[in-house]
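J.: model this:
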Amino acid sequence: MKGIYILLLFSFFLEDNVFCQNKDLPIDSSRNITVIKDPRIDLLGKEMAKYNESLAEKMRSTKGYRLMVMNSSNRSEVMKVRQQLLQMFPEQSVYIVFQSPYMKLKFGNFLEKGEAEDYRKIISAAQLVNGNIYIVPEMIEIRADKLNQAQAGDP
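T.: As a prediction, this is how the structure comes out:
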């Protein structure tokens, strides 16, 4: 019984809403609409545009290569090689990944394997590490403008 009362009450409100528009009125195309808005909305739009532009200039992740320079459990040795790499190549990044009990020292963000090979040869010639240096495919961080240049084929 309650269900019937609720249904009748609901249909009463629904029926009232359906007939609230009058379709017999002629449409007057000469009406003007005045929009009054807060001027802060335009300022907010400009700030959002600046923010979006700055996002476009930031780092992006893409497929590339890094050099696996060291894999050691000796922290002081890893930190020493890290410091030497940063002094020799301040434009490149050095990453340390800890996988118990080893610390992996990775170097650089290279889009092309040839560029990684060039750095591998330089580091090997400097004899910073005793073991081999490997080129490993990885997701790298790169500036958006450099990525766009590489995709366009510009040097």
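
J.: how far away is residue 130 from residue 82?
T.: Residue 130 sits 15 Å away from residue 82 when distances are taken as CB to CB, to the nearest Å. From N, CA and C alone the C-beta is placed, and that goes for glycine too.

J.: do residue 6 as well
T.: With CB to CB as the criterion, residue 6 and residue 82 are 72 Å apart.

J.: quick one: secondary structure of residue 146?
T.: Classification of residue 146 by DSSP: H, G, I helix; E, B strand; the rest coil places it in helix.

J.: okay, and the beta partners of the residue most central in space within the chain?
T.: Among the residues of the chain, the one closest to the centroid is residue 60, at 5.2 Å (CA atoms, centre = their mean). Per DSSP bridges, the residues bridged to residue 60 are residue 142.

J.: mind listing what's buried in whichever strand or helix holds residue 96?
T.: Residue 96 belongs to strand 94-99 when assigned by DSSP states H and E. Across strand 94-99, burial judged by 16 or more other CB atoms under 10 Å covers 94-95.

J.: who has more neighbours out of residue 6 and residue 82?
T.: residue 82 (19 against 10; other CB atoms under 10 Å).

J.: is that one in contact with residue 96, as I believe?
T.: Yes - at 6.6 Å, residue 82 counts as touching residue 96 under the criterion of CB atoms under 8 Å.

J.: any shared contact partners between the two?
T.: Each of residue 105 lies in contact with both residue 82 and residue 96 under the rule CB atoms under 8 Å, 6 or more residues apart in numbering.

J.: next SSE after the strand holding residue 96?
T.: Following strand 94-99 in sequence order, the next helix or strand is strand 102-110 (DSSP H and E).

J.: which strands and helices sit next to that following strand?
T.: strand 59-72, helix 75-88, strand 94-99, helix 113-126, strand 134-143 (3 or more CB pairs under 8 Å, 6 or more residues apart in numbering; DSSP states H and E).

J.: right, I'll leave it there.
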